[in-house]
Every structure is written in structure tokens, then in C-alpha cells.
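**Q** Everything below, folded, please.
(one chain, ligands or ions: 1)
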Amino acid sequence: MREFLIAGNWKMNGSSAASDTLVSGIVDGIPEGGGFRLLVCPPFPYLASVAIQVSSSAISLGAQNVSEHKAGAFTGETAASMLKELGCGYVIVGHSERRAIFGETSEQVAAKYIAAQAAGIVPILCVGETLEEREASATEDIIDGQLDAVLDAAGVDSFASAVIAYEPVWAIGTGMTATPEQAQDVHRHIRVRLAEQNAELADTVQILYGGSMKGENAPGLLSMPDIDGGLIGGASLKADDFLAIAAAAAAAH
Ligand code: PGA
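**A** Coordinates of the predicted model:
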């Protein structure tokens, strides 16, 4: 059985003090039981201190973005090797905010994915459609395009050390969650697409759901056969909210 991954994407929120409080609240409240892993992805300035806070716990550390370049004259960018040094085991790539606000293309996302893996970091590849695309019945085409850019550049076997997050753009930060069935349909589609190239591997890849996930809707989403956890924004900013989702994962396993 695949393990659940419950990942908090703090985005550009918090302060040094708020980050300390949030992490200690999570560390102190990790639910009993197995079958799930917790991950926090703080803003860059807090990575080093959160790394120390989680070092003696089972919580993993991730970053929210990474440069596709190894090193050099790239002002303001952060190399995967630097994230690795800080103790990051994961990095989010291709979040819809990076695609929409910062103009990241699927090819650039694929390059970031490759850079992360080259440094020994597991990329969490985000894919998802806008409301217009869903209403035009283009969801699967959009997901395929985003996925294929990575499959073409890195190959299916690279998914042995990657996580996928399905995040419908219309559900992010809106309070509008995909129903468990809507999410399951897309998760299934993603797994089948990978299975066309490597069935055994497709069965092991963790596919997270993201978009207004919270304690109340987590049990329904996590009960779906192809949903292996969550990438959580708003509800990852308070320890109790995040832990409620972790508890749902522990109960669902
Ligand atoms: P949300 O964000 O949980 O606030 O909708 C999810 C995400 O953007 O990763």
C-alpha cells in the first residue's frame, strides 16, 4: 500500500516567530499510527531554522521552488544543491502560482524537476486545470500536456523518485474543493497515463490532491483509491488544522 504524504505549502506567509510556533505545534501533535509522512515547505528564509526544529522528528522538510540552473549568475535564485545542504528532501515544482504569476512554462518546470532529482531531492510536480479549461472539457488534455513535458524530458523511470500533486486551479485558496470523485477521476487518469509507459512504477507513485483541503473534507478525499495525500496551503498555517488532516490520513490507512 502507498504511504500518504501530507504536505504543507506555507507559500509566502508567516514570520520567524510564527514559523517556530507552527512547527513546534506540529511536532508536539503528530497523530499516533503509521502509514503517513508529514512534510512542511516554509518560505526560504525559514528553512534553516525549521530544519533544526524538525531534525529530531519524523517531519520532512521541503522548499517551494528551485532554480533549474546549477550555479552562477542567477540573481535571486536558489540552487537544488543549496536546498539539499539545508536538509530539504522535497521541493514543489510547477505550482500553478509559479506557472500563472511568474510565467513558468512546462519545459522550465521539467528542468527544475530534473535539477531537483540531480541533487537528490524529490520533486513534487504540480499539475492542474483552470475553471475555463474544466468547463471546456479540457482537463485531461491540460494534465497530459503538463505531465508529458516531464515524461519527455526526464522519462517515466524518473517518477520512482517524484511525487505528483493534482491541484485544480479553481480549487486553490477558493474554499471550493474538488469532490472526492472529481479528484479521483483525474488521479486515476494520471496513474493510467504513467502506466502506459511503466505499469509497475505507476502503481507506486504518490499522487497528492491540493485545493482547499482541510480536516472536514480530508477523510472523503483520502478514502479514494488513487489519492495518496494532500498538498495543503491555507490549512497548513495552523498546527491544529494541519494535524486534523494528518489524523484523517492516519485513520484512512
Ligand atoms: P489551498 O492551497 O490549500 O490554500 O487551496 C493549496 C496549494 O496551493 O498548494
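
**Q** Could you use CA atoms for every contact and neighbour count after this?
**A** Noted.

**Q** so which helix or strand takes in the nearest residue to Glu107 once chain neighbours are set aside?
**A** Distances taken as CA to CA, 6 or more residues apart in numbering place Ala149 nearest to Glu107, at 5.9 Å, with adjacent residues excluded. Using DSSP states H and E, Ala149 sits within helix 139-154.

**Q** Compute the inter-axis angle for the one helix or strand Ile114 maps to and helix 139-154.
**A** Element membership for Ile114 (DSSP H and E) is helix 106-118. If you take axes from the mean of the first three to the mean of the last three CA atoms, to 10 degrees, helix 106-118 sits at 50 degrees to helix 139-154.

**Q** May I have the strands that pair with the helix or strand that helix 106-118 is followed by, each with its orientation?
**A** Downstream of helix 106-118, the first helix or strand assigned by DSSP H and E is strand 122-127. When pairing is defined by DSSP bridges, strand 122-127 lines up against strand 90-93 (parallel), strand 163-166 (parallel).

**Q** and among those, the most buried is which?
**A** When these are scored by mean count of other CA atoms under 10 Å, the highest mean neighbour count falls to strand 90-93 (a mean of 28).

**Q** tell me the phi and psi of Val40?
**A** When read as degrees, to the nearest 10, the backbone of Val40 gives phi -120, psi 140.

**Q** hmm, back to that, closest to His187 out of the strands paired with strand 122-127?
**A** For His187, the closest of these is strand 163-166, at 7.1 Å, according to CA to CA.

**Q** Tell me the first helix or strand C-terminal of the closest one.
**A** Next along the chain after strand 163-166, taking DSSP H and E as the criterion, comes helix 180-195.

**Q** That following helix near the ligand anywhere?
**A** No: contact of helix 180-195 with the ligand (CA under 6 Å from any ligand atom) is absent, the minimum separation being 13.7 Å.

**Q** Please work out the average pLDDT along the helix or strand following that helix.
**A** Next helix or strand after helix 180-195 toward the C-terminus (DSSP H and E): helix 199-202. On average, the pLDDT along helix 199-202 is 97.

**Q** Provide the contact partners of helix 199-202 at residue level.
**A** Identification of contacts with helix 199-202 by CA atoms under 8 Å, 6 or more residues apart in numbering yields 157, 159-160, 191-192, 194-195.

**Q** ChimeraX command to pick out the buried ones of those residues?
**A** This is the ChimeraX syntax for the buried subset of the contacts of helix 199-202, where burial follows 16 or more other CA atoms under 10 Å:
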select :159,191,194
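
**Q** May I see the contacts of helix 199-202 arranged in CSV, with pLDDT as well?
**A** As requested, the contacts of helix 199-202 are exported to CSV (pLDDT from 0 to 100):
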residue, pLDDT
Asp157, 98
Phe159, 98
Ala160, 98
Arg191, 98
Val192, 98
Leu194, 98
Ala195, 98
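
**Q** what's the closest residue to the ligand within the stretch 1-150 of the chain in contact with, if anything?
**A** Minimum separation of the stretch 1-150 of the chain from the ligand (CA to the nearest ligand atom) falls at Asn9, amounting to 5.6 Å. If you count contacts by CA under 8 Å, 6+ apart, Asn9 has them with 40-42, 64, 231-233, 236.

**Q** Having no further points to raise, I will conclude here.
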